[in-house]
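K.L.:
What shape does this take:
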Amino acid sequence: MKLFLAVSRRHGFWLAASLALFFSAFSGAEAACPNWVETTSGSVFNIAALIADAGSAQFALERVKRALSKVDAGGGCAIFSDRPACDETMTLAKKAITALEACTTPAVSNDDGRRLVQ
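P.N.:
Numbering: from 1, shown residues only. Got it, this is the predicted structure:
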């Protein structure tokens, strides 16, 4: 069987390996989000499921921020009968926001493009 563009097997192998390396380098460039966040009291939140439901980490971040702002706009935890549970949930949501911001913010480079000319 002839390969595409009559490339030898050895060249085809190196081409496939190079493409695989190229794409894996870009897929690893984004910081990975944690699967869970946990408060000091032991409450946990499944960030991986939230990202899966939202479709991306950025959309998940927007969803959590929107929900947190709705509670704050409604009077915060003071309006709920179980205030400690609400406080714990709000703390967990803030930790989730921090974790999602860390994995959606692109890495900042100190390289401003200037080069030393000798």
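K.L.:
Just give the number of residues close to F80.
P.N.:
Neighbour count for F80, taken as other CB atoms under 10 Å: 15. All C-beta spots, glycine's among them, are computed from the backbone N, C-alpha and C.
K.L.:
how near is it to L61?
P.N.:
As judged by CB to CB, to the nearest Å, F80 and L61 stand 24 Å apart.
K.L.:
Same check on S69?
P.N.:
Relative to L61, and taking CB to CB, S69 is found at 12 Å.
K.L.:
With neighbour numbers in mind, choose between those two.
P.N.:
Legend: neighbour count by other CB under 10 Å for S69 and L61, higher for L61 (23 against 10).
K.L.:
wait, doesn't that one sit right on T104?
P.N.:
Yes - shown here, L61 and T104 form a contact pair, counting by CB atoms under 8 Å, at 5.7 Å.
K.L.:
So V37, which state does it fall into?
P.N.:
Recorded secondary structure, V37: strand (DSSP: H, G, I helix; E, B strand; the rest coil).
K.L.:
Name whatever forms a beta bridge with it.
P.N.:
Residues in a beta bridge with V37, per DSSP bridges, are F45.
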